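>>> Pasted the sequence and its predicted model underneath.
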Amino acid sequence: MPLCDIDRQLIDRCLGKEPGAWNDFVDRYMGLIYHVIHHVSHARSIALSPADIEDIAAEIFLAIVDDDYGVLRRFKGDSALPTYLTVVARRVCVKEVVKRHREAELGHTSAHRAVVGDDGSGEAAAIATAEEVQKMLEHISDREAEVVRLYHLKYLNYRQIAKQLNIPENSVGPILAKARQNLRRVAEQRAT
């Protein structure tokens, strides 16, 4: 399906930075963006809070306007704009969902939320959580701890970790699995 005139004009208005163009764009495609977020979270069986959905939608819109509307400038018009935006939104959404899932695995989501809490005790809780994670990492090998840091804190993929640590890519997964197992053991020991 080729690019329709309404979308072509909307792209031109956004790229020309006409007043109200971005608001019109958001009004036109907000529903699509939310649909993509719900579809990705459902497909991955991950429940998102309304705040998470809002944050992910903001990240998607930020990706569109980033680099002076780079996403819109790169659009060639070979497909319908909604199709193109669905692909862009899905990529950003998957990245954000994976990032949030990784943070939740290590307890960073609750630590972050504690920091932004209103009761004033959140900052101490976040610091305590970060210190706990650091102490736990001290109980596993340096190599395992580094892989955990690169994967869960710096969000590198297996290929990037392998390159940075100069190890075979197919060894990253087993190292990470062993590290998680050891971290669970450490957590269980500390709980007793």
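Arrived safely, thanks for sending. Numbering: from 1, shown residues only.
>>> what's the domain layout of the protein?
The chain breaks down into these domains under automatic domain parsing: 5-105, 139-191.
>>> need these in CSV with mean pLDDT and mean neighbour count, can you?
Bear in mind the C-beta positions are built from the backbone N, C-alpha and C, glycine included. What follows is the domains of the chain, written out as CSV (pLDDT from 0 to 100; neighbours: other Cβ atoms under 10 Å):
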stretch, mean pLDDT, mean neighbour count
domain 5-105, 88, 15
domain 139-191, 83, 15
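>>> This structure: helices as residue ranges?
5-15, 21-43, 50-74, 81-105, 108-115, 122-137, 142-148, 158-165, 172-191 (DSSP state H).
>>> wouldn't residue 82 be in contact with residue 25 here?
No - the criterion here is Cβ atoms under 8 Å, and residue 82 misses it with residue 25 at 12.0 Å.
>>> quick one: contacts of stretch 48-55?
By Cβ atoms under 8 Å, 6 or more residues apart in numbering, the surrounding residues in contact with stretch 48-55 are 34, 37, 38, 41, 56, 96, 97, 100.
>>> try 6 Å this time
37, 41 (Cβ atoms under 6 Å, 6 or more residues apart in numbering).
>>> In PDB, could you pull the C-alpha coordinates for it?
Taking C-alpha atoms only, stretch 48-55 is exported to PDB below (Å, rounded to 0.1, in the frame of the first residue of the first chain):
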ATOM      1  CA  LEU A  48       3.000  -3.700  32.100                       C
ATOM      2  CA  SER A  49       1.700  -1.100  34.500                       C
ATOM      3  CA  PRO A  50       0.000   2.000  33.100                       C
ATOM      4  CA  ALA A  51       3.200   4.000  34.000                       C
ATOM      5  CA  ASP A  52       5.400   1.500  32.100                       C
ATOM      6  CA  ILE A  53       3.100   1.800  29.000                       C
ATOM      7  CA  GLU A  54       3.300   5.600  29.200                       C
ATOM      8  CA  ASP A  55       7.100   5.400  29.500                       C
END
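>>> what distance separates that stretch from the centre of its chain?
12 Å (Cα atoms, centre = their mean, to the nearest Å).
>>> going forward can the numbers begin at 603, since that is how I track them
In the new count, where the first residue is 603, that last one comes out as stretch 650-657.
>>> what's the closest non-adjacent residue to residue 692?
Closest residue in space to residue 692, ignoring its immediate chain neighbours: residue 638 at 5.5 Å, by Cβ to Cβ, 6 or more residues apart in numbering.
>>> Return the residues in contact with the one you found.
So residue 638 contacts 688, 691, 692, 695 (Cβ under 6 Å, 6+ apart).
>>> Recalculate using a threshold of 10 Å.
Contacts for residue 638 (Cβ atoms under 10 Å, 6 or more residues apart in numbering) come out as 631, 658-659, 662, 687-696.
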